[in-house]
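[1] using only what follows, build the 3D model:
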Amino acid sequence: MADLRSRQRNHAEHALAFGKVFLLFVAVMGLSVASTHAAKADAPLVLERTIPLLNVVGRIDHMAVDVGGQRLFVAELGNGSVDVVDLKSGKIEGRISGLKEPQGIAYVPDHDLIAVADGEDGSVRFFRGSDLLPLSRIDLGNDADNIRVEPGTNYLFVGYGNGGLAIIDAVRQAKLDDIKLSGHPESFQVDPNSRHVFVNVPEAHQIALVDLNSLAQISTWHFYWPEANFPMALASSTGPLAVIFRFPATIIFLDPAAGKVIQKLGTCNDADDLFFDDKRHRVYVSCGDGSIDVFAKGAEGFHSLGRVETSSGARTSLFVPALDRFFVAARAGWSRSQAAILVFRPSS
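    Next comes the predicted model:
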C-alpha cells in the first residue's frame with residue numbers, strides 16, 4: 001500500500017507540475033498574441049479590406065483612380081487586361097481585355113477618359129470611362145510605360161522606348177511632341193509650379209531635369225552608386241523629391257531645386273512605387289519582397305516608422321489622398337492563390 005500511495009503521490013505531483021507548465025505556456029502565448037495584436041493596432045498602415053481580382057494571372061503593374069466615381073483602374077500586365085474596381089462595393093464592375101502588356105494607366109476626370117500604355121506594342125489606347133468602349137490609339141514605337149496627367153492642361157506625359165517622353169493632348173487624343181532622353185524613362189514626376197519634370201533614367205545612371213517650356217533636358221543629376229533608380233515621388237509645395245535605388249535598396253531625399261542629397265536611408269527590397277502622405281508627413285514604399293516601408297518626417301529628417309507585411313511580388317501601389325487610402329496590388333503566386341487589391345487605412 002505504501003508503494004501504491006507513493007506512486008499516486010508522484011503521479012499527482014507530476015500532474016500538478018505539468019498543469020503549472022501548461023498554464024504558464026498558455027499565459028505566455030496569450031501575451032504573445034496580445035502583443036502581436038497591439039503591434040498591428042499600432043502599425044502606421046492597417047489592412048482594412050482585401051478586394052479579389054478574379055481570373056488574373058501574372059504581374060500587376062500600375063493603378064489609377066476616379067475619385068468622384070469611386071473607381072480603381074488596375075493594369076494587369078501579365079493578364080493583358082485592365083480591371084475596373086468599384087470601391088464602394090469592393091467588386092469588379094468591368095474589364096478591358098485584349099491589351100498587350102498594359103503598364104501605365106491614367107484617368108482624365110474632366111472628360112471621363114482612361115488612357116492605357118501597352119509595353120509590348122508601344123501604344124497608348126484611350127477608352128471611354130462610362131462604358132469602357134475603345135476610342136483611339138496612338139503608336140509611340142515600343143515599351144510605352146508610365147503615364148502622368150498634368151493638372152489643368154489635360155496633357156499626358158508617357159515614358160517609352162529607348163529614351164522618349166511623349167506629350168499627348170488627352171482631349172484631342174493626339175501626340176503633340178517628344179522630349180529626348182538618354183535612356184528608357186522609368187518613374188517621373190511633373191511639378192506643376194515650375195513646369196519641370198524629374199525623370200529616372202537608370203540606364204544612364206541619372207535623374208534628368210526636363211523643362212516643359214523649352215521641351216528639353218536642362219540638367220542632369222548623376223548617380224553611379226547606389227544604382228537602378230526606379231520609383232520616384234515629389235512632395236507637394238516645396239518638396240523634397242524622393243527616389244528609390246534598388247541596388248542596394250536605398251531611398252534618397254533630394255532638394256528638387258538643385259538636386260542636392262538631403263538624406264539617405266535603407267529600405268525594403270524590389271521597390272516599384274512610393275508616395276508622399278503630405279497630411280501626415282509620411283512616405284509609403286511598396287516592395288516586391290512582400291512589405292511596405294513607412295517613413296515619417298521629424299525634426300532631424302525622415303526616420304523609419306515601421307514595416308507592414310503584404311505578400312510576395314506586391315510591388316505596385318497607389319496612395320489616394322482624397323480617399324485617404326493606400327492600395328497595393330498583390331499578384332497570385334506561391335504566397336497567395338488569388339490576385340487582390342489590399343486596401344490599407346493610414347493610422348492617424
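
[2] what's the neighbour count on Ser136?
    13 (other CB atoms under 10 Å). The C-beta positions use only the backbone N, C-alpha and C, and glycine is treated the same way.

[3] got the CA positions of the helix or strand containing it in CSV?
    Per DSSP states H and E: Ser136 is located in strand 134-139. Provided in CSV are the C-alpha atoms of strand 134-139 (Å, rounded to 0.1, in the frame of the first residue of the first chain):
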residue,chain,number,x,y,z
PRO,A,134,-12.3,51.9,-77.2
LEU,A,135,-11.9,55.4,-78.7
SER,A,136,-8.5,55.7,-80.3
ARG,A,137,-4.9,54.6,-80.3
ILE,A,138,-1.5,56.3,-80.6
ASP,A,139,1.5,54.3,-81.5
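
[4] where exactly do the helices run in the stretch 1-150 of the chain?
    2-41 (DSSP state H, counting those that start in this stretch).

[5] any idea of the mean pLDDT for the strand holding Ser136?
    Average pLDDT, strand 134-139: 98.

[6] buried set for that strand?
    Ile138 (16 or more other CB atoms under 10 Å).

[7] that strand pairs with which strands?
    strand 123-128 (antiparallel) (DSSP bridges).

[8] in the partner strand, which residues are buried?
    Neighbour-count burial for strand 123-128 flags Ser123, Val124, Arg125, Phe126, Phe127 (criterion: 16+ other CB under 10 Å).

[9] returning to that earlier point: and the contacts of the strand holding Ser136?
    113, 121-128, 166, 168, 173-175 (CB atoms under 8 Å, 6 or more residues apart in numbering).

[10] stretch 64-73 now?
    With CB under 8 Å, 6+ apart as the test, stretch 64-73 has contacts from 63, 82-88, 93, 105-107, 109, 114, 129, 318, 320, 322-323, 327, 341.

[11] quick check: next helix or strand after whichever strand or helix holds Asp293?
    Take DSSP H and E as the rule and Asp293 turns out to sit in strand 291-298. From strand 291-298 onward toward the C-terminus, using DSSP H and E, the following helix or strand is strand 301-309.

[12] follow-up on the earlier one: dump the buried residues of strand 123-128 into CSV; add distance to Ala75 as well.
    Shown next, in CSV, are the buried residues of strand 123-128 (distance: CB to CB, whole Å):
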residue, distance to Ala75
Ser123, 13
Val124, 12
Arg125, 11
Phe126, 14
Phe127, 12
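
[13] the residues you listed into TSV, with extra columns for pLDDT and distance to His205?
    Below are the buried residues of strand 123-128 laid out as TSV (pLDDT from 0 to 100; distance: CB to CB, whole Å):
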residue	pLDDT	distance to His205
Ser123	98	29
Val124	98	28
Arg125	98	32
Phe126	98	34
Phe127	98	37
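
[14] among the contacts of strand 134-139, which two are most distant?
    Pairwise distances across these (CB to CB) peak at 22.4 Å, for the pair Gly122 and Arg128.

[15] any idea how many residues pack against the residue nearest to Asp324 when sequence neighbours are not counted?
    The shortest distance from Asp324 to any non-neighbouring residue, by CB to CB, 6 or more residues apart in numbering, is to Pro346 (6.5 Å). By other CB under 10 Å, 19 other residues sit near Pro346.

[16] cool, and Gly69?
    Neighbour tally, Gly69, other CB under 10 Å: 17.

[17] distance check, Phe126 against Arg172.
    Distance, Phe126 to Arg172, by CB to CB, to the nearest Å: 10 Å.

[18] now for those two: what residues contact both?
    Joint contacts of Phe126 and Arg172 (CB under 8 Å, 6+ apart) do not exist.

[19] so where's the protein shaky on pLDDT?
    The chain contains residues with pLDDT under 70 at 1-41.

[20] rerun at 50
    In the predicted model, the chain carries pLDDT under 50 at residues 1-39.

[21] would you map out the domains in it?
    58-193, 223-348 (automatic domain parsing).

[22] what's the closest non-adjacent residue to Pro151?
    The shortest distance from Pro151 to any non-neighbouring residue, by CB to CB, 6+ apart, is to Pro192 (5.7 Å).

[23] partner strands of the helix or strand Trp221 falls within, with direction?
    Assigned by DSSP H and E, Trp221 belongs to strand 216-222. Paired strands of strand 216-222, with direction, are strand 206-211 (antiparallel) (DSSP bridges).

[24] restricting to C-alpha, output the strand it pairs with in PDB.
    Output of strand 206-211 as PDB, limited to C-alpha atoms (Å, rounded to 0.1, in the frame of the first residue of the first chain):
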ATOM      1  CA  GLN A 206      20.900  59.700 -63.900                       C
ATOM      2  CA  ILE A 207      17.900  61.800 -63.000                       C
ATOM      3  CA  ALA A 208      17.000  64.100 -65.800                       C
ATOM      4  CA  LEU A 209      15.500  67.500 -65.200                       C
ATOM      5  CA  VAL A 210      13.200  68.500 -68.100                       C
ATOM      6  CA  ASP A 211      11.800  71.900 -68.800                       C
END
